[in-house]
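Engineer: Could you work out the structure for the sequence below:
(chains A and B)
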2 protein chains.
Amino acid sequence: MIEPPTSGLDDTVHQRHRLGILTIAAEAERVEFGYLKTLLSLTAGNLSRHVTVLEEAGLVEVEKGYDGRRPKTWVSVTAAGREALAAEMAALRALLDRHDQA
Amino acid sequence: MIEPPTSGLDDTVHQRHRLGILTIAAEAERVEFGYLKTLLSLTAGNLSRHVTVLEEAGLVEVEKGYDGRRPKTWVSVTAAGREALAAEMAALRALLDRHDQA
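Structural biologist: The predicted structure follows:
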């Protein structure tokens, strides 16, 4: 039996928008909700839903606060989130290698 | 504005199981439904649903026939399917490069 090519992919991380959230958040200490929303062209509701999936999986932390008087929400990647993102990248690399060899 | 890291990914192809179906099917002239089902650990209903999404997008063709007396279904990748898979691989490579540089 051939190894299934996608066995290393976890839907929690692999889902396109969540992969975007994790990638962007991993590049900074924390990232602001409105910035993510604009960058990923998501509605607030859709982004909120994906952030909640990641938060419940322990991959991001959500912090609410103020920037002056304006309420803001920041998202940051946890250590587990960085590990999960690295595992996804390793699985994608294996998939690309398989594709290159075909 | 930074380029969103996942803008090149298309959910039709990126979804984990569909990426698996396309990858396996692209490696052979055609692949049998039961084989895909076992390899990807999917139920018949779930696999069927994903194959239908790919078929409706014109990325695979489905052929029904017999192997002796047993009814069989084969899935093959179309030219558009190969292009879509190549585009996904290019987008994943760009994502990996971004990750490596971070």
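Engineer: Identify each buried residue in the longest helix along chain A, please.
Structural biologist: For chain A, the helix reaching the highest residue count under DSSP state H is reported as helix A:79-101. Across helix A:79-101, burial judged by 16 or more other CB atoms under 10 Å in any protein chain shown covers A:81, A:84-85, A:88-89, A:91-96, A:99. Just so you know, the C-beta spots here come from the backbone N, C-alpha and C atoms, and that holds for glycine as well.
Engineer: which of those residues are close to chain B?
Structural biologist: Restricting these to those within reach of chain B (CB under 8 Å from any CB of the partner chain) leaves A:85, A:89, A:92-93, A:95-96, A:99.
Engineer: Tell me the predicted confidence for residue A:95.
Structural biologist: Listed pLDDT for residue A:95 reads 94.
Engineer: nearest residue to it other than its sequence neighbours?
Structural biologist: Once flanking residues are discounted, residue A:95 sits nearest to residue A:5: 5.6 Å by CB to CB, 6 or more residues apart in numbering or on different chains.
Engineer: The one you found contacts residue A:97, doesn't it?
Structural biologist: No - counting by CB atoms under 8 Å, residue A:5 sits too far from residue A:97 to count as a contact (10.2 Å).
Engineer: quick one: stretch A:68-83 to chain centroid distance?
Structural biologist: Its chain's C-alpha centre and that of stretch A:68-83 lie 12 Å apart, by CA atoms, centre = their mean, to the nearest Å.
Engineer: whoops, I mixed them up, stretch A:15-34
Structural biologist: The chain centre lies 5 Å from the centre of stretch A:15-34; the measure is CA atoms, centre = their mean.
Engineer: Mind listing residues that contact it?
Structural biologist: Stretch A:15-34 has contacts (CB atoms under 8 Å, 6 or more residues apart in numbering or on different chains) with A:12-13, A:36, A:39-40, A:42, A:44, A:46-47, A:50-51, A:53-54, A:59-60, A:63, A:72-77, A:81-82, A:84-85, A:88, B:2, B:4-6, B:9, B:11, B:14, B:95, B:98-99, B:102.
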